[in-house]
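**Q** Predicted model and sequence follow; I will ask about them next.
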Amino acid sequence: MTVEEIFSSKGRVKILRLLVEIGELNISEIARRAGLNYATTNQHLGILENAGLVLHKSFGRIRIYRLNEGNAYAKAVKILIEGWEQQGEM
Amino acid sequence: MSSYFTVFKDESKLDINYIPARLSHRDSQLNLLTRFFQFAIESPGKMAQRVLIVGKVGTGKTALAKLFGLKIMQMTAEKGVNLRYVHVNCRERKGSLFMILQQVILDFYPHFPRRGYSSEELLQMLIQVLDEQNVFVILALDELEALIENEGADALYKVTRINESRLKSAQRISLLGVLRGLEVLSVLDESTRSTLQRNIIFLEDYSKSQLRDILAARVALAFKNGVVLDEALDLIAELAEKEGGNARYGIELLWRAGKYADASAASEVAPECVRHASSSVYPVQKDAVFSLGLHEQLFLLGLARRFKKSKDAYLTMGEAEEAYRIVCEEYGEKPRRHTQLWKYVNNLTAVDIVKSKVSSDGLRGKTTLIGLPYVSAAELERELSKRLGLQ
């Protein structure tokens, strides 16, 4: 997927922002906090995971997602979002 | 406030949750406990241990367990072993295995989802987490009675047998049960009981001179030099001994005596302050009150207020509900209905905070009568208002 395709979705950016801020979350919680429904969230997470930006861990039926800190782009995304939050909304 | 004189140096050293660096007269038990868990330092994962600490109220069970937890984590950290001591109060977790295990897993994943799985699944997830992070856990189950009373033999059976289905892999969870007596174990099946009862550490009641040592150590930490008179200390030790060797009661009394000294602007804590304090301290467990749910606390607050104004020994359920509704209005909470309140009364009776009985002759019909014989209503009201954050 191209970079504009990945970041063109408000939902995906929201999810990334949540994971940067909170660390580890399960899908239902991500959906609730991002104001998305479960299926959409699941889809977005699938796309982000394929792009190498996030990782998940399964505990039985529960999947817990976090930012893939080993991925250089994910790190860059983290720096971008944290910097953005610090300087306040533009 | 600089002109305000206080006898205290550091009040927090008298807090119920404060764990002193050394427990007087419990050294041998601490050593024994460490020896039981020696393997955790030398060959972690080779086995799992189960130990019980048994003793009456105020004999230092919880303090011993927590102090041991700190020490063992230090010792294992030095050896590069990843061991975590997790202390869970079963009564605060409503005696539910699910909530107990959840507290453990939240220690590792603070945002772990709160529901959507069974306690069996939770146990499996916990093992998985421990395997992945290569962590060993000593799970201290304080007030183990609550778990057994609530869930019966099954829950404990599951916990004691976690490691058995995994003979080939590392044994990750050891248990440290803390309870008041062994009678409650009689409901367990033979095999669970025998695995639990192999290692028991009994804590005898403290004697008067031991209590005096303990109190003197706390005085040195919490009070300014020389403000607590020897006679006052002797009196507290004596009263605590009468309370069944209850050190916690003694420490509470000490704190309160200090408060009375401060209130009367005295420069020292004299026996008179102790006498004053002892008439207001009741050996009711403060933590029992504070582990109640919000609405149970509100209900209790209603009761306390009503009793403060009345001379009756008992209130009817109707009066209690009315008092509770007023409290709810004040706190902006939607009041619970009758059946729920009735359950609260049963629960409060079970933990010996209130006394309840069914009305007999004299009143029309049947109603539950509720009494508050163990604590002073004014005291309870003050504590609860402070706790609930509205004066």
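**A** Perfect, thanks for sending it.

**Q** and chain B, which of its residues are near chain A?
**A** Contacts of chain B with chain A, taken as Cβ under 8 Å from any Cβ of the partner chain, map to B:Y109, B:H111, B:F112, B:P113, B:G116, B:Y117, B:E121, B:Q124, B:M125, B:Q128, B:V129, B:E132. Every residue, glycine included, has its C-beta placed from N, CA and C.

**Q** which two from those end up farthest apart in space?
**A** Pairwise distances across the residues of chain B next to chain A (Cβ to Cβ) peak at 20.3 Å, for the pair B:G116 and B:E132.

**Q** pLDDT-wise, which helix or strand of chain B ranks last?
**A** One helix or strand of chain B scores below all others by mean pLDDT, DSSP states H and E: helix B:286-290, with a mean of 70.

**Q** What is the end-to-end distance of stretch B:260-275?
**A** End-to-end distance for stretch B:260-275, by Cα to Cα, to the nearest Å: 10 Å.

**Q** Repeat that for stretch B:40-59.
**A** 26 Å.

**Q** Now find how far off-centre it is within its chain.
**A** 19 Å (Cα atoms, centre = their mean, to the nearest Å).

**Q** for stretch B:290-302, same thing?
**A** 16 Å.

**Q** ditto for stretch B:16-31
**A** Taking Cα atoms, centre = their mean, one finds the center of stretch B:16-31 at 16 Å from the center of the full chain.

**Q** just to revisit the earlier point, downstream of the least confident helix or strand of chain B, the next helix or strand is which one?
**A** Remark: after helix B:286-290, the chain's next helix or strand is helix B:294-309, criterion DSSP states H and E.

**Q** which secondary structure elements does that following helix contact?
**A** Identification of packing neighbours for helix B:294-309 by 3 or more Cβ pairs under 8 Å, 6 or more residues apart in numbering or on different chains; DSSP states H and E yields helix B:286-290, strand B:314-316, helix B:317-331, helix B:338-350, helix B:377-388.

**Q** list the helices and strands the last one packs on?
**A** So the one you mean is helix B:377-388. Contacts defined by 3+ Cβ pairs under 8 Å, 6+ apart place helix B:377-388 against helix B:286-290, helix B:294-309.

**Q** mind running it again at 10 Å?
**A** In this structure, helix B:377-388 packs against helix B:286-290, helix B:294-309, helix B:317-331, with contacts taken as 3 or more Cβ pairs under 10 Å, 6 or more residues apart in numbering or on different chains; DSSP states H and E.

**Q** Next: the fourth one.
**A** Other helices and strands packing on helix B:338-350, by 3+ Cβ pairs under 10 Å, 6+ apart, are helix B:294-309, helix B:317-331, strand B:355-358, strand B:368-371.

**Q** Please work out which of the ones you listed is packed deepest.
**A** For the helices and strands packed on helix B:338-350, the largest average neighbour count (mean count of other Cβ atoms under 10 Å in any protein chain shown) is found in helix B:294-309, namely a mean of 21.

**Q** picking up where we left off before, which of the residues of chain B next to chain A are buried? Put it as a ChimeraX command.
**A** Here is the ChimeraX command that selects the buried residues among these (16 or more other Cβ atoms under 10 Å in any protein chain shown):
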select /B:109,112,113,117,121,125,129
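
**Q** Spell out which residues of chain A are next to chain B.
**A** Contact residues, chain A versus chain B (Cβ under 10 Å from any Cβ of the partner chain): A:22-30, A:57-64, A:66.

**Q** Of those residues, just the buried ones, ChimeraX syntax please.
**A** Remark: buried members of the residues of chain A next to chain B, expressed as a ChimeraX selection using 16+ other Cβ under 10 Å:
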select /A:24,25,26,27,29,30,59,62,63,64,66
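
**Q** So which of the residues of chain A next to chain B belong to helices?
**A** The helices, defined by DSSP state H, take in A:I22, A:I27, A:S28, A:E29, A:I30 from the residues of chain A next to chain B.

**Q** contacting residues for the third one?
**A** It stands for A:S28. Counting by Cβ atoms under 10 Å, 6 or more residues apart in numbering or on different chains, A:S28 makes contact with A:Y38, A:T41, A:I62, A:R63, B:P113, B:R115, B:G116.

**Q** What separation is there between it and B:N134?
**A** 29 Å (Cβ to Cβ, to the nearest Å).

**Q** quick revisit: output the contacts of A:S28 in TSV, with distance to B:L301 appended to each entry.
**A** What follows is the contacts of A:S28, written out as TSV (distance: Cβ to Cβ, whole Å):
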residue	distance to B:L301
A:Y38	41
A:T41	42
A:I62	38
A:R63	43
B:P113	33
B:R115	29
B:G116	34
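
**Q** Filter those down to just the ones in strands.
**A** Those of those mapping onto strands are A:I62, A:R63, per DSSP state E.

**Q** Most widely separated two among the contacts of A:S28?
**A** The widest separation within these (Cβ to Cβ) is 17.8 Å, between A:T41 and B:R115.
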